[in-house]
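Asker: Sequence unavailable; structure follows:
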Ligand code: CA
């Protein structure tokens with residue numbers, strides 16, 4: 001399983017030979033041909049990176065969603081490329097963002113979890129390299145790395161998780177509150193920067209990063225009644241019993257059945273009088289709204305809550321009801337994201353910028369939409385591991401391109417550098433996706449991916465684990481409990497029954513362990529408990 005990967009490494013070294021660490025690039029490396037590039041077909045491309053938070057592939061129609069339509073995200077895929085096997089390296093918000101910026105796994109860039117240690121913004125990032133090469137750089141929306149962005153000519157970011165209604169934005173000049181709905185505002189601000197805030201003589205990088213559809217899934221005014229009176233199809237595993245898997249699947253705290261805040265998460269109000277946390281969380285979101293916003297909200301949600309109280313549900317019926325409340329609000333948030341992707345696409349088209357712009361839509365990791373009875377992410381299981389990735393670049397990517405190679409978020413930074421014509425430093429762990437987008441690289445790509453999740457004990461209580469995924473198999477090691485899981489994704493795509501102990505799979509398990517050892521060495525991950533010292537090797 002290793003030969004392709006080794007070949008990849010040589011290629012990266014060759015491409016990166018002689019390059020300084022990319023944070024150290026100076027304007028001397030800038031383009032000699034920057035002038036007048038707006039709308040031109042020559043010169044370095046503009047890059048628009050639209051990045052949402054917690055948008056699972058299962059809720060994108062281009063990826064075969066059974067539950068919603070996303071016509072504008074689909075348009076990027078249809079007019080460009082869709083990556084069918086795009087994976088995260090550590091499926092949680094801040095770490096994924098740090099990986100995207102650096103092209104390095106969490107154990108190298110240092111941001112291993114969402115907790116207090118901030119991302120070290122002094123390290124090299126792709127946006128700093130682009131800025132150093134003459135790009136105008138802007139970061140608008142959800143930054144989520146606790147400290148101020150670095151390497152941007154312009155930034156305007158949501159503090160922390162940000163708010164859905166009347167969000168605050170932090171800028172170098174201070175904080176301001178903007179009235180309205182966050183997904184619309186992040187786009188308004190992005191379009192304003194494109195139109196008025198940049199030097200049209202220079203190429204640009206715009207990172208337009210949405211809060212949505214992150215918890216607590218508050219829909220905007222345009223889509224509050226979407227799916228009213230409809231039932232969204234349930235996932236087959238909504239009532240999963242977690243048999244056939246190691247103990248962490250049973251011991252998590254992210255189930256629809258037991259771990260929602262009914263008011264804050266599901267908008268079932270008023271909050272129960274004995275649920276102080278729920279009351280406080282709900283009050284913090286509801287009280288931000290203007291009286292007009294509250295009146296609209298109440299007119300939509302109060303009838304639902306009256307009907308819920310009258311139904312007096314319990315047990316599995318209550319789980320099914322909670323699923324409907326959750327998934328509809330989640331999808332309503334996505335409807336706004338998709339509308340706003342359309343606004344960016346329309347602007348690029350109308351101004352002629354589209355011709356020389358690489359536009360990418362992605363999200364920081366996958367998410368559970370009721371599969372296995374869950375919401376949230378964190379796991380190396382498929383729903384959480386997969387990241388959407390669609391890209392359009394007229395003249396470079398053929399419309400309708402489908403890529404099946406296994407990619408990861410370590411590949412984004414080298415892709416942006418490559419798109420801009422910049423060298424890829426040797427210490428970047430990912431690889432440029434441009435050759436895959438252009439259909440000119442079919443050999444020597446990686447045939448396995450590495451994953452490592454750290455945040456435990458913590459909210460949702462998902463055990464630490466690392467693992468390897470190949471085209472067909474997945475091996476997961478919960479190294480603190482000494483447990484393993486192995487899934488045959490061909491025969492068990494929903495990962496319901498580990499074959500780790502199955503006699504027919506012992507050779508496969510041993511090969512996967514060898515590959516996992518190799519990947520940990522190759523990516524220089526010395527964190528977690530080494531495989532050799534764990535039991536059951
Ligand atoms: Ca996230």
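Answerer: Thanks, I have the structure now. Keep in mind the model is a prediction, meaning the values are calculated, not measured.

Asker: Can you give me the pLDDT of the residue nearest to the spatial centre of the chain?
Answerer: Nearest to the geometric centre of the chain sits residue 364, at 1.5 Å (Cα atoms, centre = their mean). pLDDT, residue 364: 98.

Asker: before we move on, what about residue 7?
Answerer: pLDDT for residue 7: 38.

Asker: same deal with the one 3 residues further on?
Answerer: With respect to pLDDT, residue 10 scores 32.

Asker: what's the answer for the one 5 residues further on, then?
Answerer: If you check residue 15, the pLDDT there is 33.

Asker: before we move on, what about residue 117?
Answerer: pLDDT, residue 117: 83.

Asker: wait, it sits on residue 111?
Answerer: Yes - Residue 117 lies in contact with residue 111 (Cβ atoms under 8 Å); the separation is 7.3 Å. Every C-beta, even on glycine, is put in place using the N, C-alpha and C of the backbone.

Asker: which of those two has more neighbours?
Answerer: Using other Cβ atoms under 10 Å, the more surrounded residue of residue 117 and residue 111 is residue 111, with 27 against 12.

Asker: Spit out the contact partners of that one.
Answerer: 94-95, 97-98, 117-120, 145 (Cβ atoms under 8 Å, 6 or more residues apart in numbering).

Asker: Show the contacting residues for the residue nearest to the centre of the chain.
Answerer: Residue 364 sits next to 51-54, 88, 93, 96-97, 100, 387, 409 when contact means Cβ under 8 Å, 6+ apart.

Asker: Residue 124 contacts residue 102, correct?
Answerer: Yes - between residue 124 and residue 102 there is a contact at 6.9 Å, judged by Cβ under 8 Å.

Asker: May I ask which two of the contacts of residue 111 are separated the most?
Answerer: Farthest-apart pair in the contacts of residue 111 is 97 and 117; separation 14.0 Å (Cβ to Cβ).

Asker: so what's residue 473 bridging to?
Answerer: Beta bridges link residue 473 to residue 488 when assigned by DSSP bridges.

Asker: Neighbours of it, how many?
Answerer: Residues lying near residue 473 (other Cβ under 10 Å) number 21.

Asker: Help me confirm that it comes into contact with residue 489.
Answerer: Yes - contact criterion Cβ under 8 Å: residue 473 and residue 489 qualify, at 6.6 Å.

Asker: in the longest helix along the chain, what's buried?
Answerer: If you go by DSSP state H, the chain has its longest helix at helix 315-351. Residues 319-342, 344-345, 347-348 are the ones in helix 315-351 that count as buried (16 or more other Cβ atoms under 10 Å).

Asker: mind checking how far residue 239 is from the ion?
Answerer: Look at residue 239 and the ion: by Cβ to the ion, to the nearest Å, they are 26 Å apart.

Asker: ugh, wrong one, residue 136
Answerer: Relative to the ion, residue 136 is positioned 27 Å away (Cβ to the ion).

Asker: Name the nearest residue to that residue, sequence neighbours excluded.
Answerer: Nearest residue to residue 136 in three dimensions, chain neighbours excluded: residue 204, at 4.3 Å (Cβ to Cβ, 6 or more residues apart in numbering).

Asker: In helices only, show me the contacts of residue 364.
Answerer: Per DSSP H, the subset of those in helices is 93, 96-97, 100.

Asker: pLDDT and neighbour count added to these, as JSON lines?
Answerer: Output for the ones in helices among the contacts of residue 364, formatted as JSON lines (pLDDT from 0 to 100; neighbours: other Cβ atoms under 10 Å):
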{"residue": "93", "pLDDT": "96", "neighbour count": "19"}
{"residue": "96", "pLDDT": "98", "neighbour count": "26"}
{"residue": "97", "pLDDT": "98", "neighbour count": "24"}
{"residue": "100", "pLDDT": "98", "neighbour count": "28"}
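
Asker: Would you reformat those as CSV and include distance to the ion?
Answerer: Supplementary listing: the ones in helices among the contacts of residue 364 in CSV, determined by distance: Cβ to the ion, whole Å:
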residue, distance to the ion
93, 4
96, 7
97, 8
100, 12
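
Asker: all helices for the stretch 101-250 of the chain, in order.
Answerer: Counting by DSSP state H, counting those that start in this stretch, the stretch 101-250 of the chain has helices at residues 106-109, 126-132, 182-192, 248-251.

Asker: can you list those in JSON lines and add mean pLDDT and mean neighbour count?
Answerer: Formatted as JSON lines, the helices of the stretch 101-250 of the chain follow (pLDDT from 0 to 100; neighbours: other Cβ under 10 Å):
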{"stretch": "helix 106-109", "mean pLDDT": "98", "mean neighbour count": "22"}
{"stretch": "helix 126-132", "mean pLDDT": "98", "mean neighbour count": "24"}
{"stretch": "helix 182-192", "mean pLDDT": "98", "mean neighbour count": "22"}
{"stretch": "helix 248-251", "mean pLDDT": "98", "mean neighbour count": "17"}
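
Asker: right, and those helices - which one's nearest residue 402?
Answerer: helix 126-132 (25.3 Å).

Asker: which other helices and strands contact that closest one?
Answerer: helix 93-102, strand 136-142, strand 204-209, helix 412-419 (3 or more Cβ pairs under 8 Å, 6 or more residues apart in numbering; DSSP states H and E).

Asker: got the angle for the longest one vs strand 136-142?
Answerer: On the basis of axes from the mean of the first three to the mean of the last three Cα atoms, to 10 degrees, helix 93-102 is oriented at 170 degrees to strand 136-142.

Asker: so what's the backbone phi/psi at the most far-flung residue of the chain relative to its centre?
Answerer: Relative to the centre of the chain, and counting by Cα atoms, centre = their mean, the farthest-placed residue is residue 310 at 38.2 Å. Dihedral angles phi and psi of residue 310 (degrees, to the nearest 10) take the values phi -70, psi -30.

Asker: so residue 102 touches residue 121, yeah?
Answerer: No - Residue 102 is beyond contact range of residue 121, at 10.3 Å (criterion: Cβ under 8 Å).

Asker: Comparing these two, which residue is more hemmed in?
Answerer: Using other Cβ under 10 Å as the criterion, residue 102 and residue 121 rank with residue 102 on top: 28 against 16.

Asker: burial measure for residue 475, as a count.
Answerer: The number of residues packed near residue 475 is 25, by other Cβ under 10 Å.

Asker: sorry, back to before: shouldn't the residue nearest to residue 136 be in contact with residue 49?
Answerer: No - in this structure, residue 204 is not within contact of residue 49 by Cβ under 8 Å, at 11.0 Å.

Asker: quick one: terminal-to-terminal distance for stretch 484-499?
Answerer: One end of stretch 484-499 to the other measures 10 Å (Cα to Cα, to the nearest Å).

Asker: Can you name the residue of the stretch 351-500 of the chain nearest to the ion?
Answerer: Nearest to the ion, among the residues of the stretch 351-500 of the chain, is residue 364, at 4.1 Å (Cβ to the ion).

Asker: Report pLDDT for residue 535.
Answerer: 47.

Asker: and if you look at residue 86?
Answerer: Taking residue 86 on its own, its pLDDT is 98.

Asker: For the nearest residue to it once chain neighbours are set aside, what are phi and psi?
Answerer: By the measure of Cβ to Cβ, 6+ apart, the closest residue to residue 86 outside its immediate chain neighbours is residue 389, 4.0 Å from it. Dihedral pair for residue 389: phi -150, psi 110, per degrees, to the nearest 10.

Asker: quick one: pLDDT of residue 389?
Answerer: For residue 389, the predicted pLDDT is 99.

Asker: Tell me what it is bridged to.
Answerer: Going by DSSP bridges, residue 389 forms beta bridges with residue 362.
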